[in-house]
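Asks: any chance you could fold what I've pasted below:
(chains A and B)
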Amino acid sequence: MIIRIMNENQYIVPSLYYDDINRLDNEIVKLIAKGDREGFKEKYGELIALVRKNGVPMDVKTLKESDLIIPPADLTFEEAQKIFTGEGLIPG
Amino acid sequence: MAGLLGRLTATIKAKLSRLLDTFEDPRETLDYSYKRQLELQADVKKGIASVITARKRLELQKSKLEAGIQRLNEQAREAVAAGRDDLASIALQRKMDMMAQVDSLTAQIEDLKRQEDKLADTARKLDAKIELFRAEKETIKAQYTAAEAKVKITEATTGIGEEMADVGYAVQRARDKTEEMQARSEALDTMVEQGTIEDVLGNKDLVEKELTKIKNEAAVKRELETLKQEVGR
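Replies: Numbering: from 1, shown residues only, chains lettered A, B, ... in the order given. Predicted structure coming up:
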């Protein structure tokens, strides 16, 4: 599975981590809904770490579509909230 | 995939398919992508310039404040020499406020520096992509008649679209940050010009505010004593 961490790079992550990513994703969504900033920061850090640790960085010159795109590692709580309202992280 | 990640991916994909739908000929899509990339490249460079401008501005503010602190020190000393402890206290109090402001500016300057580095990194990656794409695009266009070419084109243009969205996001983020900094720095300008910075503790709660006040008062008193001894009264 190809995962892009925005502002960073694309990583090839073995699909066996799919469940872990899904679980973290759901937890992050819940934490944002609860307004738990600290919890969000910690879980988001875990997600990024998982991708970086288990993924193989792709050659910067490769032009491949990602299966998953995740926001940058230093995503703020406010930015994360915005994804759930309006037109999402990338305007226009 | 549900939630945060799925939503973001879906957002990008929707935008991409709209982009792709507007072109019937993939060769035009490639040319359009290339043009957009060049535009983005210019955007990134503008973004870097404006972040640097904002940072320089804040640095200027900082040095103005530091000059102000120096001036207030001298004023306090003169006031003590003239036997006006009350005036000296006021000057020292203002100095404390300005020092708090200098600390906050230092943090903001560092923050902008990080934005600058991130943007420079984005620019480098984008340059590499554009250079590769330019070469690749002509090859793909030439191979277009082959049946498999269409698959390859879709993949390449989607990858490119993603890259553009990523870079566009980095630029947007840096811009937001810069605007915020500029607004703050303009507010500071006004305060420095008026020679007083009021309510620097505006964001803190009441207890913290009171504690800072007590701490500052003690510091002012201490400095006043030191000044008195130096001036020999």
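Asks: beyond the helix or strand hosting B:D97, next helix or strand please.
Replies: Element membership of B:D97 [criterion: DSSP states H and E] is helix B:85-142. Sequence-wise, the next helix or strand downstream of helix B:85-142 (DSSP H and E) is helix B:149-193.
Asks: just to revisit the earlier point, pLDDT averaged over the helix holding B:D97, what's the number?
Replies: Per-residue pLDDT values over helix B:85-142 give a mean of 88.
Asks: so what secondary structure elements neighbour it?
Replies: Under the contact definition 3 or more CB pairs under 8 Å, 6 or more residues apart in numbering or on different chains; DSSP states H and E, helix B:85-142 sits against helix B:26-81, helix B:149-193, helix B:206-231. Heads up, the C-betas are built off the backbone N, CA and C, glycines and all.
Asks: and the ones you listed, which one's lowest on average pLDDT?
Replies: Among those, helix B:149-193 carries the lowest mean pLDDT (a mean of 76).
Asks: report pLDDT for the most centrally placed residue in chain A.
Replies: Nearest to the mean C-alpha position of chain A, by CA atoms, centre = their mean, lies A:I70 at 3.1 Å. A:I70 carries a pLDDT value of 85.
Asks: about what we covered before: quick one: the helix holding B:D97 to chain centroid distance?
Replies: 5 Å (CA atoms, centre = their mean, to the nearest Å).
Asks: all strands of chain A, in order?
Replies: Assigned by DSSP state E, the strands in chain A fall at A:2-5, A:9-12, A:56-57, A:68-70.
Asks: now tabulate these in TSV and tack on distance to B:T106.
Replies: Output for these, formatted as TSV (distance: least, CB to CB, whole Å):
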stretch	distance to B:T106
strand A:2-5	30
strand A:9-12	31
strand A:56-57	34
strand A:68-70	32
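Asks: mean pLDDT for those strands: which is lowest?
Replies: Going by mean pLDDT, the lowest-scoring of the strands of chain A is strand A:68-70, which has a mean of 84.
Asks: note down every partner strand of that one and its orientation.
Replies: Strand pairing for strand A:68-70, determined by DSSP bridges: strand A:2-5 (parallel).
Asks: so the residue nearest to the centre of chain A touches A:E8, yeah?
Replies: No - at 9.4 Å, A:I70 and A:E8 do not qualify as touching, with contact defined as CB atoms under 8 Å.
Asks: pLDDT score for A:G35?
Replies: For A:G35, pLDDT reads 89.
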